[in-house]
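A.B. asks: Output the structure for:
(2 chains, ligands or ions: 3)
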Amino acid sequence: MADLHIDFAGIKSKNPFWLASGPPTNTGYQVQRAFDAGWGGAVWKTLGDPVINVTSRFSGLNYGGQRVAGFNNIELITDRPLEVNLREIRETKRAYPDHAIIASLMVEPKQEKWHEIVKRVEDVGVDGLELNFGCPHGMAERRMGSASGQVPDLVEKQTYWTKEAAETPVIVKLTPNITDITATADAAVQGGADAISMINTINSLMGVDLDTWNTFPNIAGKGTHGGYSGPAVKPIALSMVAECATQPDIQVPISGIGGIENWQDAVEFMLMGASNVQVCTAAMHHGFRIVEDMIDGLTNYLDEKGLNSAMDLVGQSVSKYKKWGDLDLNHKRVARINQDYCIHCNKCHISCEDAAHQCIEFYTESDGTRALKVREEDCVGCNLCSIVCPADGAIEMIEQPSDVSMTWNERQRLISVFGG
Amino acid sequence: MHEHQFYLEEKQKIDTLLGNEFRIVAINENLSGMFVAFKQMGDQGNTAHATLHLLIPETRKYVTNLLLAEKVDQSPT
Ligand SMILES: Cc1cc2nc3c(=O)[nH]c(=O)nc-3n(C[C@H](O)[C@H](O)[C@H](O)COP(=O)(O)O)c2cc1C
Ligand code: SF4
Ligand code: SF4
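C.D. replies: Ligands and ions are numbered 1, 2, ... in the order given. Predicted coordinates:
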């Protein structure tokens, strides 16, 4: 059976599944129950000067039949005194020595503040530190969280101060609320980070009530922007992990976070360069026991793939992630409709006609029924019809590889000789 | 008319010129598409010129595939 153990920047855990800093890691009671359920590690709810939260602080985006396709929160960091958290961390670490406990930290951007908190949390035996440079709401108005995480200099400086005092590995958790995440990832590496994690939540406003004109969520009629998480953010998180994993200057392990709900999501992040994953919203939605399926699923997957260790997955897809200019312009793909599965809803025709290349046509079968067919020579293989088709197997995208590949960059080099 | 049909027409014009010993000597791409300049060296040292304005992406790709495959002896002279 495959080995799920991972070594994340020197932090060992029995599987790659960690709870991300958030409501599920608020107390020792919760973290211990999570470890009992099977989670390999937990990043404690961010420690710092205890806050006061507002009441109505979460809202969910339900999309079609799916509840919590996205999740918005305006919760701040821990509202409990440091001593209380430290006592529970110490107890939890004693009771679960084989599980990884990471202290998430957020203090003002001052050297002495970082030194003080690092010493105090390391005294109770944490396995590592995660610097929360990502919380986009509330704390950012106090110059912390994403406010300092958006400024590469501040990321570098605060990482450096932490490293001055730290004896355990330092993970820098990055905000996605930035144009180019590799800029802050690089700053973290320059500051001496042992690892980076991403993403924290994305700036969001969940909605506006059409009757009252109040925002969601609102507190006595007033709202503020929050942080977006859950399945909807996964593609954004995955691309940010990929951006960092493909940067030669960013050679530190990556912890993947954002919309991970199951073992398949976790494998995708690991293939794209993450050495482990963290989960918050899915644990809030479905509870700690989702990790059972994640462990079983990953074990079976590794066995099926003939891999001995979860670590063997890390980064396997990174070399397949390129700049657009390095993609093959000559490779062709066309849509083909399989009449055996088509339910004649016409959605593909409408989409191709209105938004693609007008190449799905009606024709009349020998028995007089009307059906749809792709005019393949005009199909650009955009995938739109197969995306909108509700019938599994009704549209197949057929690969038509060319003998010679030609990328945009190669093409531009060629025509530049001719003055193009 | 469907785009593939336009492609075949543009491709036909290129193939005809190449078949008549024209060579690609300059390529200019701008907002209007691709302008490909051809030159034909006559037996008596006389030269003929032709320019094609290509609109269709497939044809613009075809031109560079020709260069890539060096199917024709092209040189920017
Ligand atoms: C309600 C809530 C509270 C959170 N609090 C924290 C926090 O205190 N510290 C932190 O670093 N991240 C915090 N996060 C962000 C999560 O750790 C995680 O980065 C983000 O939610 C994306 O992952 P997910 O889609 O699995 O939730 C919080 C997220 C939520 C939903
Ligand atoms: S792949 Fe795109 S262009 Fe081709 S048939 Fe489907 S929608 Fe039309
Ligand atoms: S969308 Fe799918 S099911 Fe509907 S007509 Fe097209 S191929 Fe058939």
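A.B. asks: list the contacts for residue A:284?
C.D. replies: Contacts for residue A:284 were tallied using C-beta atoms under 8 Å, 6 or more residues apart in numbering or on different chains; they are A:22, A:23, A:24, A:71. Every C-beta, even on glycine, is put in place using the N, C-alpha and C of the backbone.
A.B. asks: Which two among those are spaced furthest apart?
C.D. replies: Within these, two members stand farthest from each other by C-beta to C-beta: A:24 and A:71, at 12.7 Å.
A.B. asks: out of the contacts of residue A:284, which are inside strands?
C.D. replies: Among these, the members found in strands (DSSP state E) are residue A:71.
A.B. asks: closest to ligand 3 among the contacts of residue A:284?
C.D. replies: Closest approach between these and ligand 3, by C-beta to the nearest ligand atom: residue A:71, at 31.1 Å.
A.B. asks: how about the residues of chain A that lie near ligand 2?
C.D. replies: A:335, A:351-352, A:356-357, A:359-360, A:374, A:379-385 (C-beta under 6 Å from any ligand atom).
A.B. asks: Inside strands: which ones of these?
C.D. replies: A:335, A:360, A:374.
A.B. asks: what residue of chain B is the furthest out?
C.D. replies: No residue in chain B sits farther from the centre than residue B:44, which is 23.4 Å out by C-alpha atoms, centre = their mean.
A.B. asks: pLDDT value on that residue, please?
C.D. replies: As predicted, residue B:44 sits at a pLDDT of 76.
A.B. asks: closest point of chain B to ligand 2, which residue?
C.D. replies: Counting by C-beta to the nearest ligand atom, chain B gets nearest ligand 2 through residue B:3, at 10.3 Å.
A.B. asks: show me the residues around that residue that make contact.
C.D. replies: So residue B:3 contacts A:357, A:378, B:56, B:58 (C-beta under 8 Å, 6+ apart).
A.B. asks: Spell out the residue ranges of the helices in chain B.
C.D. replies: B:3-19, B:57-69 (DSSP state H).
A.B. asks: Bridge partners for the closest residue to residue B:52 other than its chain neighbours, pull those for me.
C.D. replies: Of all residues not flanking residue B:52 in the chain, residue B:36 sits nearest, at 4.9 Å (C-beta to C-beta, 6 or more residues apart in numbering or on different chains). Residues in a beta bridge with residue B:36, per DSSP bridges, are residue B:27, residue B:52.
A.B. asks: I'd like to know how far residue B:36 sits from residue A:375.
C.D. replies: Distance of residue B:36 to residue A:375, computed by C-beta to C-beta, to the nearest Å: 28 Å.
A.B. asks: coming back round to it: including neighbour count, could the contacts of residue B:3 go into CSV?
C.D. replies: Listed next are the contacts of residue B:3 as CSV, based on neighbours: other C-beta atoms under 10 Å in any protein chain shown:
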residue, neighbour count
A:357, 17
A:378, 20
B:56, 19
B:58, 17
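A.B. asks: And for stretch A:346-353, what's in contact with it?
C.D. replies: Applying C-beta under 8 Å, 6+ apart, the contact partners of stretch A:346-353 are A:335, A:337, A:358-362, A:372, A:384-386, A:388-390, A:395.
A.B. asks: Please point out which parts of that stretch sit buried.
C.D. replies: The neighbour-count check on stretch A:346-353 (16 or more other C-beta atoms under 10 Å in any protein chain shown) flags A:347, A:348, A:349, A:351, A:352 as buried.
A.B. asks: Can you spell out the domain ranges of chain A, please?
C.D. replies: Chain A is divided into the following domains under automatic domain parsing: A:6-318, A:324-418.
A.B. asks: Look up the pLDDT of residue 60 for me, please.
C.D. replies: I went with chain A, as the question did not name one. Looking at residue A:60, its pLDDT reads 95.
A.B. asks: actually chain B
C.D. replies: Residue B:60 is assigned 97 on the pLDDT scale.
A.B. asks: doesn't residue B:33 make contact with it?
C.D. replies: Yes - at 7.0 Å, residue B:60 and residue B:33 qualify as touching, with contact defined as C-beta atoms under 8 Å.
A.B. asks: Check the helices of chain B for me and report the most buried one.
C.D. replies: Among the helices of chain B, helix B:57-69 has the highest mean neighbour count (mean count of other C-beta atoms under 10 Å in any protein chain shown), at a mean of 18.
A.B. asks: do that one and ligand 2 meet?
C.D. replies: No - Helix B:57-69 lies out of reach of ligand 2 by C-beta under 6 Å from any ligand atom, never closer than 12.9 Å.
A.B. asks: quick one: that helix to helix B:3-19, angle?
C.D. replies: Going by axes from the mean of the first three to the mean of the last three C-alpha atoms, to 10 degrees, helix B:57-69 is angled at 40 degrees with respect to helix B:3-19.
A.B. asks: contacting residues around whichever residue of the stretch 151-300 of chain A sits closest to ligand 3?
C.D. replies: Nearest residue of the stretch 151-300 of chain A to ligand 3: residue A:235, at 23.4 Å (C-beta to the nearest ligand atom). For residue A:235, the contacting residues are residue A:259, by C-beta under 8 Å, 6+ apart.
A.B. asks: Could you rerun that using 10 Å?
C.D. replies: Going by C-beta atoms under 10 Å, 6 or more residues apart in numbering or on different chains, residue A:235 touches A:258, A:259, A:268.
A.B. asks: could you check the distance from it over to ligand 1?
C.D. replies: Separation of residue A:235 from ligand 1 (C-beta to the nearest ligand atom, to the nearest Å): 12 Å.
A.B. asks: Going along the chain from the helix or strand where that residue lies, find the next helix or strand for me.
C.D. replies: Element membership for residue A:235, per DSSP states H and E: helix A:234-245. Moving toward the C-terminus from helix A:234-245, the next helix or strand (DSSP H and E) is strand A:254-257.
A.B. asks: any common contacting residues for residue B:60 and residue B:33?
C.D. replies: Joint contacts of residue B:60 and residue B:33 (C-beta under 10 Å, 6+ apart) are B:10, B:54.
A.B. asks: quick one: is the lowest-mean-pLDDT helix or strand in chain A near ligand 1?
C.D. replies: Scoring the helices and strands of chain A by mean pLDDT, DSSP states H and E places helix A:146-149 at the bottom, with a mean of 83. No - figure legend: helix A:146-149 not in contact with ligand 1 (C-beta under 6 Å from any ligand atom); closest approach 10.2 Å.
A.B. asks: Which strands or helices does that helix pack on?
C.D. replies: Where contact means 3 or more C-beta pairs under 10 Å, 6 or more residues apart in numbering or on different chains; DSSP states H and E, helix A:146-149 is packed against strand A:128-132, helix A:152-165, helix A:181-190.
A.B. asks: Quick check: phi and psi on residue A:393?
C.D. replies: phi 80, psi -10 (degrees, to the nearest 10).
A.B. asks: How much space separates the residue in chain B that ligand 1 sits nearest to from residue A:329?
C.D. replies: Nearest residue of chain B to ligand 1, counting by C-beta to the nearest ligand atom: residue B:57, 38.6 Å away. For residue B:57, the distance to residue A:329 equals 9 Å [C-beta to C-beta].
A.B. asks: Then residue A:2?
C.D. replies: Residue A:2 is 39 Å from residue A:329, by C-beta to C-beta.
A.B. asks: unless I'm mixing things up, residue A:328 is touching residue A:408, no?
C.D. replies: Yes - the criterion here is C-beta atoms under 10 Å, and residue A:328 meets it with residue A:408 at 9.4 Å.
A.B. asks: Show the contacting residues for the spatially most central residue of chain B.
C.D. replies: For chain B, residue B:14 is the residue whose C-alpha lies nearest the centre (C-alpha atoms, centre = their mean; 4.5 Å). Residue B:14 makes contact with B:22, B:24, B:36, B:38, B:52, B:54, B:59, B:62, B:63, B:66, B:72 under the criterion C-beta under 10 Å, 6+ apart.
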